[in-house]
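**Q** fold the following.
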Amino acid sequence: MESGQGRIKPSKRRTIVRSVLALGLALACVSAVKREDFKTCSQSGFCARNRAYADIAKETPQWASPFQLNPSSLRLHKGVLTGDLINVQEDKQPSDKPALAFELHLLDTDAARVRINERNPIHPRYDGVQDTVLIKPYGHATEESYQKLGKDENGVLTIQYGAQNQNTVRISSAPFKIEFLVNGVPTVLLNDEGLLRFERLRKKEEPKVEEEGEKQGEEANSDPLVEQNAGGNEIEIAIEKSDLEKKLEENLWEEKFKEFTDSKPRGPESFGMDITFSGINHVYGIPEHASSLSLKATRGPDAPYTDPYRLYNLDVFEYEGDNPMALYGSVPFMLGHSKNSTAAVFWMNAAETWIDVEKSPEDKTGGILSWIKSKKTAQSAATKTHWISEAGVLDLFVFLGPTHRDIFRQYASLVGTTALPQAFSIAYHQCRWNYNNQQDVAEVDAGFDEHDIPYDVLWLDIEHTNGKRYFTWDEAKFPNPTEMQESLSTKGRKMVTIIDPHIKKDGDYHVSKEGAELDVYIKNKDGSSDFDGWCWPGSSQWIDFYNPKARDWWASQFSYDKYIGSTKSLFTWNDMNEPSVFSGPEITIPKDVIHYGNVEHRNVHNLYGTMFHSATAQGLTHRNETNQRPFVLSRAFFAGTQRFGAIWTGDNVASWEHLELASPMLLTIGLSGIPFSGADVGGFFGSPDAELLTRWYQAGIYYPFFRAHAHLDSKRREPWLFGEPYTTQIREAIRTRYTLLPFWYTLFQEASVEGTPIIRPMFTVFPEDEAVFGMDDQYMVGDAILVKPVVKSAVVQSNVYFAGKEKWFDIKDYSVEQGPGFKDIDSPADKIPVYQRAGTIVPKRERPRRSSKAMENDPFTLVVALDSKGEASGRLYLDDGESFNYEKGDYILTEFKVSNGVLSSRKVESATASGESSFTEKAGGLRIERLVILGATAPLKKVTVGDRTVQVNCSLVGGSYVCTVKEPQVTIGKDFDLSFA
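**A** Numbering: from 1, shown residues only. Predicted coordinates for the structure are as follows:
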């Protein structure tokens, strides 16, 4: 494969040959990830320089940051503190270099923002990430909500802020440091280790021509020190630079990796800073990595990793587990948690970024000695992180909670919440690379009906197109795509086709031709010629989604008159959007290509996939006059992706290791603001055996996005192909997902409003239980359901941790476990441990159907799990599942509560509703056909609704009673009170 640098114009024959070679290379990669294709920190110039700076700081006694704030420059006005930040090592005062611009913003959400940028640089540093990521201008804290407490004798400025005046920020001028405190306790510290470093833009110096007699060799790597001799004369003493000091000057301009050269025309422009989570030993977030939920150390004694966590969207085939290397998506959000505090940061930068993590252990001495130490030194535990970005500006948000929900709300107020999806999209999806033809599609669809297995969506990969030309069909394989989609639609089912951002270079292909005429492709580094690289179609060009004209044009391609053969039941899959470029460095696009507005790609790389995702969602929204919500799945992602659709964890492997990895990966992604995510059930590469596939389905039904997918070379694995008992076990798993769809849809509505994750790490539900802080092999769905996947072969018993002091009820047989503590739970081949938490109410629909659409008029079951006080609560959300009418208040949201022997149902009125609609009138009449009450200490003898007595049957299960109330004759649209005794 040849390099994608420059423009290549091969003949058609050569194009075909090279397309085959590109495909062959891609398929060859499936045997294992090729680590040599991807950089380590030492191979990334700016990462190596900043890491060397950190090493110098660590090795230097009494190290202090050279950055200082000019105290006389500080101004606080309307919630914004501004000032001049000076590097005293570089800038001799007075200096012809303008100081760096420092800003601290206090927001009306109790969050804070810190920005550092150059004043009057020789080129403007890219500062456009905020225009894409932030959903709207935020409000600053009012002058009444903060108080400037003045400066102390050391020049430390203190400001108190927050709704309850609970937060304090202390700004030290010399050396520069910022401390964020909650109720007087230091929580987030900026530049506490003195690692702030800012490479100013500069002109490239031409190499000096050495004349005879001038210093050469080692003396060229030395700095002169001027001293006076005994006679008073000045002499120069050459001080040789250390190896670390030399690293600070490496790869400043052109940089090579393998056969590729990054021209770096603007030179070095990286920056880094340390962020310390004080009193906190567990930090989470910064997806995407195939690693644990609680981030592992990359620095310090016994650090499990030697490289930092990398954020740089890449197409990594068959990725390795337990590794900090970059994958398909990047979200520079990190949350720290301890028993006493919770805090988070969002490093808003879309360039390549690396994060080192170093942990200071908690004091384990215990007893009175530990208590005395804690009084003398605040909190000994700390996690020190070092953030390094290649370009842009330093732009950081700090969230101090104090609770997880506060942080999710604060973060979501900036980057947005997940879009409320169409109801079908949270059901089961069946995918493969590729279903061969229209007949194959019909047979797979019929197979689900024949085996009585529900599903909602059938997917087509790249082979459905005419020669990898997106928005087309292979007419020999799919002669009547409209008829195919309508056949699925009659059963309430949908179809998804893949559409990638690379456009086959072909003058006879209408999309390629229009793109060239409108000039919407990414440019080479010269800024004028179109970039040409290699991907699935062969010679390809990439849409520049930073061009507003390109976004609108792309969106228009989804209209029914342009995407011939598409219908309203056809939706979209955006793959390869890191972007993946087979001929490029690290299998992606070169950093020095140019986007609209003369923006270098290095500044926006991690946002490219999100821009593509956004434009596609826009197209699916605008194609309809029926107000239909879009569904778009994306592989690449960044902060804000959640506003446009779902994502998945990419090309995983049919192995027990990758089944195990899925849980921490999805928990991390959800914690970072993108709750609608999933992993390919069964593994993309390879062929799972029946046990692995069954266990993956049992786990996958608890992923927010639930899709099975398989590679071209893997054996067919539709849910019935392994025969019994596996067909029955998989059917039962998928049906369980469908019975819980009302619960899932209610959680999605909550996420769309509050920014909460849908599947949640145990520590977010039990924030004071230290036993769960590092736990990622079990998790919660909402706050109600505990899931423990089986991720090893031949396992028939699982060690489950039951947190809290309440009971937990098996969702199948209602057997009871008491928390807190670990217990070995049977995990036979047909089930995994799944428990409902006492104190919760879970809505279900229990009638088996072929699709979620076929369930929309079915009645509900409420499973009421009473806590030790005899109380429980839950919600049910319902709308038409398709349109945006919910934004006008056209929905039903009902709250259920049990207290003092009464189950009450109250409709939560919408602030935007304009009266009862046809939907709320119809759906409000849907009845609750059954109540299952768990945890009663005695059998219920009487159940009444108003003046009616309703039949109840109770049985003893594991020390408490399970009572079933059939046909209480109540509906979800009317308030009611049901009494039981």
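**Q** average pLDDT for stretch 934-942?
**A** Mean pLDDT, stretch 934-942: 93.
**Q** residue nearest the centroid of the chain?
**A** residue 669 (3.4 Å; Cα atoms, centre = their mean).
**Q** that one sits in which helix or strand?
**A** helix 656-671 (DSSP states H and E).
**Q** and that helix, which residues are buried?
**A** 656, 658-671 (16 or more other Cβ atoms under 10 Å). Placement of C-beta: from N, CA and C, glycine included.
**Q** closest one of these to residue 750?
**A** Of all the buried residues of helix 656-671, residue 670 has the smallest distance to residue 750: 12.7 Å, by Cβ to Cβ.
**Q** spatially nearest residue to the closest one (excluding sequence neighbours)?
**A** Closest residue in space to residue 670, ignoring its immediate chain neighbours: residue 757 at 3.7 Å, by Cβ to Cβ, 6 or more residues apart in numbering.
**Q** doesn't that neighbour fall inside a helix?
**A** No. Residue 757 is assigned coil when assessed by DSSP: H, G, I helix; E, B strand; the rest coil, not a helix.
**Q** so the residue nearest to the centre of the chain makes contact with residue 647?
**A** Yes. Here residue 669 reaches residue 647: they are 7.2 Å apart, a contact under Cβ atoms under 8 Å.
**Q** any common contacting residues for the two?
**A** Common neighbours of residue 669 and residue 647, counting by Cβ atoms under 8 Å, 6 or more residues apart in numbering, are 329, 637, 677.
**Q** the nearest residue to the second one once chain neighbours are set aside and residue 677, how far apart?
**A** The spatial neighbour of residue 637 that comes closest, neighbours along the chain excluded (Cβ to Cβ, 6+ apart), is residue 329 at 3.7 Å. In this view, residue 329 and residue 677 are 9 Å apart by Cβ to Cβ, to the nearest Å.
**Q** any residues in contact with both of those two?
**A** Here residue 329 and residue 677 have 647, 669 as joint contacts, going by Cβ under 8 Å, 6+ apart.
**Q** what about residue 981, how many residues close to it?
**A** 10 (other Cβ atoms under 10 Å).
**Q** equivalent analysis for residue 633, please.
**A** Neighbour count for residue 633, taken as other Cβ under 10 Å: 26.
**Q** looks to me like it is in a strand.
**A** Yes. Assessed with three-state DSSP, residue 633 lies in a strand.
**Q** I'd say it and residue 649 touch.
**A** No. Contact between residue 633 and residue 649 fails when scored by Cβ under 8 Å: they sit 11.6 Å apart.
**Q** overlap of the contact sets of those two?
**A** In contact with both residue 633 and residue 649: no residue, using Cβ under 8 Å, 6+ apart.
**Q** the helix holding residue 669 - contacts with which helices or strands?
**A** Helix 656-671 is packed against strand 282-285, strand 677-678, helix 690-700, strand 759-760, with contacts defined by 3 or more Cβ pairs under 8 Å, 6 or more residues apart in numbering; DSSP states H and E.
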